[in-house]
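Engineer: starting from these lines, generate the structure:
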Amino acid sequence: MLKAKELNLNIFSYPEYLYEQSKDKIRLVIGGSHGKTTITSMLLHACKKLKVDVDYMVGAQLEGYDCMVRLTDSAKIMILEGDEYLSSPIDRRPKFHLYKPSIALLSGIAWDHINVFPTFDNYLEQFDIFCNCIEKKGLLIYNEEDSEIVKLAEKYKTSLQTIAYKTPVFTPNLQGTTMVFDGINYDLQIFGPHNLQNMMGAMRLAESIGIKSSDFFTAMNDFTGAGKRLQKVTENKQFVMYKDFAHSPSKLMATTNAVKHQYPNRELIACMELHTFSSLKKEFLPHYKDSMAKADIAIVYYSPEVVHHKKLESISKELVFDSFGGNVIVLNDTQEVLNFLNAHSWSNNVLLMMSSGNFDGINYEELATKLIAKNDAAEDKGNNN
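Structural biologist: A predicted model of the protein is given here:
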């Protein structure tokens, strides 16, 4: 860095560089506290299937893509996941303030990153600034089911075009979901109200670049989800296991509710790890109240060593228990989590593992294999008896 300055070279943060490479393109920026990666992934999936040439930056490794960024001279459109976290250690501006969208989407606002945005009002302000960064007469696509987003849409409706979206009519089925739009049924592999809401946002983005809604939904038929976002690990007739990146209260609630909605007649065992700076902060824990209420059994894991490593004030099992609303089992040793899961009977149930980490060393695929083997052995024993 010092040498670059000495040589008078241009120095860009990652988001600044992405803007520099796309400033002559139509820029679609997907922002919001949750759903950004999923919506971006959905739009990219449709573009790829429909052979729409786009550049992109997405925040997760996607199936069928060899990298998370594409920059070309040929594409006239750039799709950007608009993260609100800081641009770099020396640039304290949120990343999504630098992209200057032609078309923007906001999925929802739920306080996050409290190490950077210490109050909800301060966090909310970043989305207001983002809306102000949209090109004049640009387009804002917004989730009409989020009250804070609706306030922003109202504020900017005179300077921007605005289009709302909401959760569609849908019915769960064994393969995923049947969704109804404009009187037509579409079979999808994704499920849950939050996922379907995200898909409607992605559809509005697709429309904004000339893709018909019917073509978009048809292209979504084989979309199974973004990497680590409600990703199926294994399944047999009696047992299904998912892993998910959920860690903030809103994401935790959306994911837990989606799985229970899809499998109403199965026991749901939901495990989450408090792993991020925000989630382990004593003052933030009460925001998790009832976030796992839909689970039949809810386990919350945290590592005291991680709390210490992040230089945070110690938290107790009792505090975590009370913060979540008292409907959870609190564990702070990885082996305790494994012991609980290995001791459980896995018949007609769903296991949901949620974390931005891995519960300090749990291999989800190996765990799934062991639980299925245990279940098969129990069935064989029952048949022999």
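Engineer: C-alpha only now, for contacts and for neighbours.
Structural biologist: OK.
Engineer: which residues does Arg266 contact?
Structural biologist: Lys260, Asn348, Asn349, Val350 (C-alpha atoms under 8 Å, 6 or more residues apart in numbering).
Engineer: surely the last one is within a strand?
Structural biologist: I take that to be Val350. Yes. Val350: assigned to a strand according to DSSP: H, G, I helix; E, B strand; the rest coil.
Engineer: tally up the residues packed near it, please.
Structural biologist: 23 (other C-alpha atoms under 10 Å).
Engineer: and the helix or strand harbouring Leu80, what does it pack against?
Structural biologist: Element membership of Leu80 [criterion: DSSP states H and E] is strand 77-81. Counting contacts by 3 or more C-alpha pairs under 8 Å, 6 or more residues apart in numbering; DSSP states H and E, strand 77-81 packs against strand 26-31, helix 36-49, strand 55-57.
Engineer: the second one - contacts with which helices or strands?
Structural biologist: Okay, so that is helix 36-49. strand 26-31, strand 77-81, helix 193-208, helix 213-219.
Engineer: hang on, the earlier thing: which two among the contacts of Arg266 are spaced furthest apart?
Structural biologist: Greatest spatial distance in these: Lys260 and Asn348, 12.8 Å, computed using C-alpha to C-alpha.
Engineer: strands of the stretch 101-250 of the chain, residue ranges please.
Structural biologist: Here the stretch 101-250 of the chain has its strands, by DSSP state E, counting those that start in this stretch, at 103-106, 139-143, 161-165, 169-172, 177-181, 184-188, 231-235, 239-244.
Engineer: and the ones you listed as a markdown table, adding mean neighbour count and mean pLDDT?
Structural biologist: Output for these, formatted as a markdown table (neighbours: other C-alpha atoms under 10 Å; pLDDT from 0 to 100):
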| stretch | mean neighbour count | mean pLDDT |
| --- | --- | --- |
| strand 103-106 | 27 | 98 |
| strand 139-143 | 24 | 98 |
| strand 161-165 | 17 | 98 |
| strand 169-172 | 16 | 96 |
| strand 177-181 | 17 | 97 |
| strand 184-188 | 16 | 97 |
| strand 231-235 | 16 | 91 |
| strand 239-244 | 22 | 94 |
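Engineer: out of these, which gets nearest to Ala293?
Structural biologist: strand 239-244 (17.2 Å).
Engineer: quick one, domains of this protein?
Structural biologist: Domain ranges of the chain: 8-222, 231-384, per automatic domain parsing.
Engineer: which residues of this structure score low on pLDDT?
Structural biologist: 378-385 (pLDDT under 70).
Engineer: ok but Cys271 is inside a strand, no?
Structural biologist: Yes. Under three-state DSSP, Cys271 sits within a strand.
Engineer: from Gly326, how far out is it?
Structural biologist: 15 Å (C-alpha to C-alpha, to the nearest Å).
Engineer: of the two, who's got more company?
Structural biologist: Between Cys271 and Gly326, counted using other C-alpha under 10 Å, Cys271 has the larger neighbour count: 25 against 15.
Engineer: who's the more buried one bridged to?
Structural biologist: Assessed by DSSP bridges, Cys271 has beta-bridge partners Ile299, Met353.
Engineer: roughly how far apart are it and Lys260?
Structural biologist: In terms of C-alpha to C-alpha, Cys271 sits 14 Å off from Lys260.
Engineer: returning to that earlier point: any chance of the strands of the stretch 101-250 of the chain in TSV, plus distance to His344?
Structural biologist: Output for those, formatted as TSV (distance: least, C-alpha to C-alpha, whole Å):
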stretch	distance to His344
strand 103-106	41
strand 139-143	39
strand 161-165	41
strand 169-172	27
strand 177-181	29
strand 184-188	32
strand 231-235	17
strand 239-244	12
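Engineer: go through the ones you listed and name the closest to Met203.
Structural biologist: The nearest among those, by C-alpha to C-alpha, is strand 161-165 at 9.2 Å.
Engineer: what's in contact with the closest one?
Structural biologist: Under C-alpha under 8 Å, 6+ apart, the answer for strand 161-165 is 137-144, 153, 197, 200-201, 204.
Engineer: tell me which of those is nearest to Tyr364?
Structural biologist: Gln197 (27.6 Å).
Engineer: neighbours of the closest one, how many?
Structural biologist: Considering only other C-alpha under 10 Å, Gln197 is surrounded by 21 other residues.
Engineer: end-to-end on stretch 131-145?
Structural biologist: Start to finish, the residues bounding stretch 131-145 are 18 Å apart (C-alpha to C-alpha).
Engineer: who's in contact with it?
Structural biologist: With C-alpha under 8 Å, 6+ apart, stretch 131-145 has contacts from 97-108, 149-150, 152-153, 156, 159-166, 201, 204-205.
Engineer: could you do stretch 4-17 as well?
Structural biologist: Contacts for stretch 4-17 (C-alpha under 8 Å, 6+ apart): Ser87, Ser88, Asp91, Lys95, Phe96, Leu98, Tyr99.
Engineer: if we can go back for a sec, nearest to Ile372, of the helices and strands packed on helix 36-49?
Structural biologist: helix 193-208 (27.3 Å).
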